[in-house]
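A.B. asks: okay, here's the prediction I keep looking at, along with the sequence it came from:
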Amino acid sequence: MMPVRTAGNLGAAAGGGTPGAAEPLRLHWFLPGHGDGRDIARNQDRSDLRREPDINYLAQVAKATDALGFCGVLTPFGMFCEDPWLVAAALAAATDRLRFMVALRPGLMSPMLAAQMAATCQRMSGNRLMLNIVAGGDRDELARYGDRLDHDRRYARAGEFLAIFRGALSGTPYDFCGDHYEVKGATVPRPPDQLPEIFLGGSSQAAKETAARYADTYLAWGERPEDMAAHLTGLKKETAVTGRTVTAGTRFQVISRDTSAEAWAVAERLLEGMDPARITQAQQRFARSESEGQRRMAALHGGDPTRLEVYPNIWTGYGLVRPGPTVTLVGSHEEVCDRLAEFHALGLRDVILSGQPHIEEAYWFGEGVIPRLRRRGLLDTTA
């Protein structure tokens, strides 16, 4: 059995913390558009337990998060995902107040078309659309979509995309000529009453520069508090240049239980389900990634299953086999609440969470952690 927790000194946690300059927390869940299950990676021996992302299952997740008090759900994009725009449109009618953070890759869509779609979605959903602009990504997947730009040029293109997107929704014909786009008179005849919030994520300098110029919220994948503080310092330097106010958020997996022992037992079970050969293959693939975020995820554990708890209640086991934001908050409801309070005190407002399976973990978190955050006065009760 591989150890889940690190035997060495993890460093002292900062305790519950007190809110800093950040606005109250807004919590979002993840809509498993690629499917769901009890294992981190597909297990052929348990394929009968896999939950396909059909509309009935996704509606169950959306309705649960709506009822539990989450502000919204991240609706992902990718080769293995159902289309996020269609999913959001279908589920908006099945929920009352839940907002949909649609993931959008600028290189695959005209900014004018995106503005039209966003305007329609805002009208049809009652202003419940948010956009997560994804400029980074896996090189192999990008190649499948025909996107051949390198890392920094994708972020430059994302900035031009957002300039045109906002211009087209301004109500006045908008002209733009840049390195990646040229439009004349771009405009949406019926702009929405409320523009969708724009989130833009990434760990690189290019991501921070682009977010400071064009986004409403900068997103960084979850890391240790000191690493997150460095991201926020970098963002602050860029917003000092642009003169814009940009809030910040992050993305975590979560395993929260009544006791710490119960939560770590779940992490142990997930780890036991990982094939060592698959871990090796995944780490080799991650090493080829040009994503700064993916590089940082891999560096936290170095592929070593004996050093996965890198800070109290912060576990990196997901990242042994899965790409993307894999850092996980693990602990009792009180401990998870403490860690979220600690990150909020750094200046974070939005936290996007996920856990497997997504219905069960939404209830564990929604019934165990959300009431504690509310009692501490940390939650945005108006979202």
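C.D. replies: Nice, I can see it.
A.B. asks: give me the neighbour count for the closest residue to residue 83 other than its chain neighbours.
C.D. replies: Closest residue to residue 83 apart from its sequence neighbours, by C-beta to C-beta, 6 or more residues apart in numbering: residue 77 at 7.8 Å. The C-beta positions use only the backbone N, C-alpha and C, and glycine is treated the same way. By the criterion of other C-beta atoms under 10 Å, residue 77 has 18 neighbours.
A.B. asks: check residue 115 too.
C.D. replies: As a measure of burial, residue 115 has 25 neighbours, counting by other C-beta under 10 Å.
A.B. asks: am I right that it falls within a helix?
C.D. replies: Yes. Remark: residue 115 belongs to a helix, assigned using DSSP: H, G, I helix; E, B strand; the rest coil.
A.B. asks: residue contacts, the nearest residue to it once chain neighbours are set aside?
C.D. replies: Spatially, and ignoring its direct neighbours in sequence, residue 115 is nearest to residue 168 (3.9 Å; C-beta to C-beta, 6+ apart). By C-beta atoms under 8 Å, 6 or more residues apart in numbering, the residues touching residue 168 are 111, 112, 115, 116, 174, 183, 186, 187, 188.
A.B. asks: just the residues you listed now: which is nearest residue 374?
C.D. replies: Within the contacts of residue 168, the smallest distance to residue 374 is 36.3 Å, found for residue 115 (C-beta to C-beta).
A.B. asks: quick one: residue 185 is in a helix?
C.D. replies: No. Under three-state DSSP, residue 185 sits outside any helix and is assigned strand.
A.B. asks: look up phi and psi at the closest residue to it other than its chain neighbours.
C.D. replies: Distance criterion C-beta to C-beta, 6+ apart; nearest residue to residue 185, sequence neighbours excluded, is residue 173 at 4.0 Å. Here is the backbone geometry of residue 173 (degrees, to the nearest 10): phi -50, psi 130.
A.B. asks: is it correct that residue 173 is in contact with residue 187?
C.D. replies: Yes. Under the criterion of C-beta atoms under 8 Å, residue 173 lies in contact with residue 187, with a separation of 4.6 Å.
A.B. asks: and residue 177, how many neighbours?
C.D. replies: Neighbour count of residue 177, defined by other C-beta under 10 Å: 9.
A.B. asks: what residue lies at the spatial centre of the chain?
C.D. replies: residue 251 (4.3 Å; C-alpha atoms, centre = their mean).
A.B. asks: secondary structure class for that residue?
C.D. replies: strand.
A.B. asks: out of the contacts of residue 168, which is nearest to residue 367?
C.D. replies: Of the contacts of residue 168, the one sitting nearest to residue 367 (C-beta to C-beta) turns out to be residue 115, at 39.1 Å.
A.B. asks: hmm, back to that, among the contacts of residue 168, which ones are buried?
C.D. replies: For the contacts of residue 168, a burial check counting by 16 or more other C-beta atoms under 10 Å picks out 111, 112, 115, 116, 174, 183, 186, 187, 188.
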